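Asks: sequence and predicted structure are below.
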Amino acid sequence: MIPERIETDHLIFERLTHETIDLFDLYEIWSSDPGIEEVTEYLPWDPHTTPKETHDLLEEAEANWEVKEDFCYILRIPGSSEPAIVGITGIDVHWGRGLSEERAAVLTELVFETLDLDLLAVFTLEENQRSQRAIEKYIDRYDGQYDGLFRNFRPHNGTLQMLTDTL
């Protein structure tokens, strides 16, 4: 029911698995990619320090997909034999390339059209101003609403407060 691959004008969404990305390539990105510290500042994980951390996250993503708990995609930009990786969605967000709105459109359609769900909740850490601005745009575009703070929802570096908005 959930597509393992989705293509848009600017993005390729591929199910995150050991088959769709080399473990050591992903480890390299998640451990030392330029700007990784800034990217992970507002995410519920820190840069990886060992390939085992990356392996475990891939295993978790595959297991969560199988039990229909999470649907994690690797995001690539099309146009070459080895399309550039720009991020992960479902567990993580892609960062700083202006593609957030397109990602949101695809996932919103997936939630409402394919899964026929009634609610989509979007979360960010309270201090993540860039994500808050992006979410405000989603709310306007999809006639959503701001619902407030979930306290003690998901800890990150000692911070327990997160915002939630619904579409």
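Replies: Ah, there it is.
Asks: where do the strands sit along the protein?
Replies: 5-7, 12-15, 73-77, 84-89, 121-125, 145-150, 162-166 (DSSP state E).
Asks: go through those and name the closest to Glu109.
Replies: Nearest to Glu109 among those is strand 5-7 (9.3 Å), distances taken as CB to CB. Backbone N, C-alpha and C define where each C-beta goes, glycine included.
Asks: strands paired with the closest one, and their directions?
Replies: strand 12-15 (antiparallel) (DSSP bridges).
Asks: and the partner strand, average pLDDT?
Replies: On average, the pLDDT along strand 12-15 is 92.
Asks: next one: that strand to chain centre, how far?
Replies: How far strand 12-15 lies from its chain's middle: 11 Å, per CA atoms, centre = their mean, to the nearest Å.
Asks: got the contact list for it?
Replies: For strand 12-15, the surrounding residues in contact (CB atoms under 8 Å, 6 or more residues apart in numbering) are 3-7, 20, 65, 71-78, 83, 89, 106.
Asks: quick one: contacts for Thr17?
Replies: Here Thr17 is in contact with 58, 61-62, 65 (CB under 8 Å, 6+ apart).
Asks: next, the distance between the ends of stretch 5-22.
Replies: 17 Å (CA to CA, to the nearest Å).
Asks: give the buried residues for it.
Replies: 6, 11-16, 21 (16 or more other CB atoms under 10 Å).
Asks: where in the chain is pLDDT low?
Replies: 39, 42-44, 80, 83, 90-98, 150-167 (pLDDT under 70).
Asks: rewinding a little: top of the contacts of Thr17 by neighbour count?
Replies: Of all the contacts of Thr17, Ala61 has the most neighbours under the rule other CB atoms under 10 Å, reaching 22 neighbours.
Asks: for Ser81, see how far away the closest residue to that one other than its chain neighbours is.
Replies: Sequence neighbours aside, Cys72 is the residue nearest to Ala61 in space, at 4.2 Å (criterion: CB to CB, 6 or more residues apart in numbering). Relative to Ser81, Cys72 is positioned 24 Å away (CB to CB, to the nearest Å).
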